[in-house]
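In: Generate a structure from the sequence data that follows.
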Amino acid sequence: MRVKRDLSLVSKAWNKHMQEFLYEFVWISRASQAKALALTLLTQFIERKPSSGRWIRRLHMETPALKRCATDDIRTILDYAPHLVIYSDHHAVRCTRYQEFSDVRCSPEQLVSALAVPNSKLRRLSLTNYSDVPFPYHMSPMLKQTARNLEYLELSSTSIPLSSRAPARTSPIVSLPVLQSLKLTLDNTTFAVLASWKMPSLRNVSVVSSDFGYAGQGFANFFEAHGSKIEQLELGHSSSLIVEHNLSLNPRPIQHIPLADWCPNLKEFICSADAEWNWRNPDWIAPHVLLPTHPHLHFIGIRDIDKRLVDDAAAFPADPEDDAPFFPLLEQISSLLFNDAFPCLRYIRDLSPSSHTMRSDRRPQVRILKFWANVLARCGQRQVWLEDYRGVNITVRDLKRAGLVTA
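Out: Here you go, the predicted model:
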């Protein structure tokens, strides 16, 4: 970006030619940047100059909670950026919940509808729901106009969802013919609506439920309708949180969730390192409480191993060379190697870049190297490849080289 800016300052002619490259990818990280861009686009319109918004192809908004963008600024940017290909809003818009103070043009519903331009070329869409109304009820009309080229869809919410016992409302059935990836951080009610959507090309699903509604009918309807198409599934949350939540309910849920039956063609599964030790079966720790086994899974990715290593080391202070604090995590990973649970497993991948740094740093801890040496040995016994976050094999030679540096 700095090179593009420097080239644009060479002369007026160079600046004119560089506009396309300067505005192609816009990343907004604080409210002042959105306001500056909106002011620039409005000034160009008032002065009847060519709009720089026509060059914007990617708009990414990700801000701190106290520096979220004003809705009128975002609406202005969207109005002058008709050729968007990628739009990402990660909780970056400051929306008011009080209707008497809100601008109708900048309401959550109208903000979303601004993306529904004729001949839309949107291929990747990440949206945040700022309303208490479930997403599909005000987003479906927009998606029906932008669905032709949409390949990736991410839906998240800023508020606690309404009770799933609320009366259901009808929502238009949306057809997403080329959608391949779907990421959901929503509630059980929304799952029920998405179950009726037509997504014939869906292959990858990432789920983080905000209301722990896994035993709800909406969750079941979604996977019964689309599970047979899914090849990669990520449950991006701690399964121990689900267990703790279920223990707090009265009566406790007893419904069995046959996720393996709903997703018979699943090949890749991604989970958190924070699994729950089941005292009823102490010799077995499933990677996730919702997927204890699967007959066709050949890849398991594990997130947040670095956090688990740091937390375990802090909870059980010991000799810096003693890897005993990591015994539960070692047993958890070893449980993945049980042939009865995952007979087709071939790859286990550590998806944490920080964990890779802890393992290959200039001076890694001896107990970290011991832990990974034990993991690698058990993977070798089962003939399963152990990989880092880049997909590169972790080898004994790598650990020995790191150990020589430590020595």
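In: can you give me the helices in the stretch 1-150 of the chain?
Out: For the stretch 1-150 of the chain, applying DSSP state H, counting those that start in this stretch gives helices covering 2-8, 12-22, 31-46, 71-79, 108-113, 136-146.
In: And the third one, what's buried?
Out: By neighbour count, with 16 or more other C-beta atoms under 10 Å as the criterion, the buried positions of helix 31-46 are 31, 33, 34, 35, 37, 38, 40, 41, 42. To be clear about C-beta, it is placed using only N, CA and C from the backbone, and glycine gets the same treatment.
In: Which strands or helices does that helix pack on?
Out: When contacts are defined as 3 or more C-beta pairs under 8 Å, 6 or more residues apart in numbering; DSSP states H and E, helix 31-46 sits against strand 25-28, strand 69-70, helix 71-79.
In: CA-only coordinates of the first one, as PDB, when you get a sec.
Out: Meaning strand 25-28. C-alpha atoms of strand 25-28 as PDB (Å, rounded to 0.1, in the frame of the first residue of the first chain):
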ATOM      1  CA  PHE A  25      -8.800  -3.100  -1.600                       C
ATOM      2  CA  VAL A  26     -10.100  -0.900   1.200                       C
ATOM      3  CA  TRP A  27      -9.500  -2.000   4.800                       C
ATOM      4  CA  ILE A  28     -11.200   0.100   7.500                       C
END
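In: nearest to residue 368, of the buried residues of helix 31-46?
Out: residue 33 (39.7 Å; C-beta to C-beta).
In: which stretches of the chain aren't confidently modelled?
Out: In the predicted model of the chain, residues 96-109, 132-141, 158-171, 186, 209-215, 237-256, 275-286, 318, 404-407 satisfy pLDDT under 70.
In: for it, what spans make up the strands?
Out: Under the criterion DSSP state E, strands of the chain are mapped to 25-28, 58-62, 69-70, 86-90, 93-94, 124-129, 152-157, 181-185, 204-207, 232-235, 268-272, 299-303, 347-350, 385-387.
In: Please report how far residue 40 lies from residue 337.
Out: Separation of residue 40 from residue 337 (C-beta to C-beta, to the nearest Å) stands at 57 Å.
In: Is residue 50 in contact with residue 44, as I believe?
Out: Yes. Residue 50 lies in contact with residue 44 (C-beta atoms under 8 Å); the separation is 7.1 Å.
In: Output the helices and strands packed on helix 31-46 in CSV, with distance to residue 372 and mean neighbour count appended to each entry.
Out: Formatted as CSV, these follow (distance: least, C-beta to C-beta, whole Å; neighbours: other C-beta atoms under 10 Å):
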stretch, distance to residue 372, mean neighbour count
strand 25-28, 35, 18
strand 69-70, 43, 21
helix 71-79, 45, 21
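In: Let me have those in JSON lines, adding distance to residue 367 as columns.
Out: Formatted as JSON lines, those follow (distance: least, C-beta to C-beta, whole Å):
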{"stretch": "strand 25-28", "distance to residue 367": "39"}
{"stretch": "strand 69-70", "distance to residue 367": "45"}
{"stretch": "helix 71-79", "distance to residue 367": "49"}
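In: Nearest to residue 346 among those would be which one?
Out: Across the helices and strands packed on helix 31-46, closest to residue 346 is strand 25-28 (C-beta to C-beta), at 36.9 Å.
In: who does that closest one pair up with?
Out: strand 58-62 (parallel) (DSSP bridges).
In: what's the strand it pairs with in contact with?
Out: Strand 58-62 has contacts (C-beta atoms under 8 Å, 6 or more residues apart in numbering) with 24-29, 34, 69, 74, 77, 81, 84-93.
In: My read is that residue 344 contacts residue 293, right?
Out: No. At 11.3 Å, residue 344 does not count as touching residue 293 under the criterion of C-beta under 8 Å.
In: related to what we said a few turns ago, the strands of the chain: which one's closest to residue 365?
Out: strand 347-350 (16.0 Å).
In: Who does the closest one pair with, and is each partner parallel or antiparallel?
Out: strand 299-303 (parallel), strand 385-387 (parallel).
In: Comparing these, which comes out most buried?
Out: Burial of the strands paired with strand 347-350 is given as mean neighbour count (mean count of other C-beta atoms under 10 Å); strand 299-303 ranks first at a mean of 21.
In: Distance check, the residue lying closest to residue 56 once chain neighbours are set aside against residue 347.
Out: Distances taken as C-beta to C-beta, 6 or more residues apart in numbering place residue 81 nearest to residue 56, at 4.2 Å, with adjacent residues excluded. Residue 81 is 41 Å from residue 347, where distance means C-beta to C-beta.
In: With residue 321 instead?
Out: 30 Å.
In: so the residue nearest to residue 56 touches residue 40, yeah?
Out: No. Under the criterion of C-beta under 8 Å, residue 81 makes no contact with residue 40, lying 11.9 Å away.
In: Who are the contact partners of residue 25?
Out: Applying C-beta under 8 Å, 6+ apart, the residues near residue 25 are 57, 58, 60.
In: ok, how many other residues are close to the first one?
Out: If I follow you right, that is residue 57. The number of residues packed near residue 57 is 18, by other C-beta atoms under 10 Å.
In: what residues are up against the closest residue to it other than its chain neighbours?
Out: The shortest distance from residue 57 to any non-neighbouring residue, by C-beta to C-beta, 6+ apart, is to residue 85 (4.7 Å). By C-beta under 8 Å, 6+ apart, the residues touching residue 85 are 57, 58, 121, 122, 123, 124.
In: Just the buried ones from the residues you listed?
Out: Buried subset of the contacts of residue 85 (neighbour count, 16+ other C-beta under 10 Å): 57, 58, 122, 123, 124.
In: Mind putting the residues you listed into a markdown table with distance to residue 397?
Out: A markdown table is the format used below for the buried ones among the contacts of residue 85 (distance: C-beta to C-beta, whole Å):
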| residue | distance to residue 397 |
| --- | --- |
| 57 | 44 |
| 58 | 41 |
| 122 | 46 |
| 123 | 42 |
| 124 | 39 |
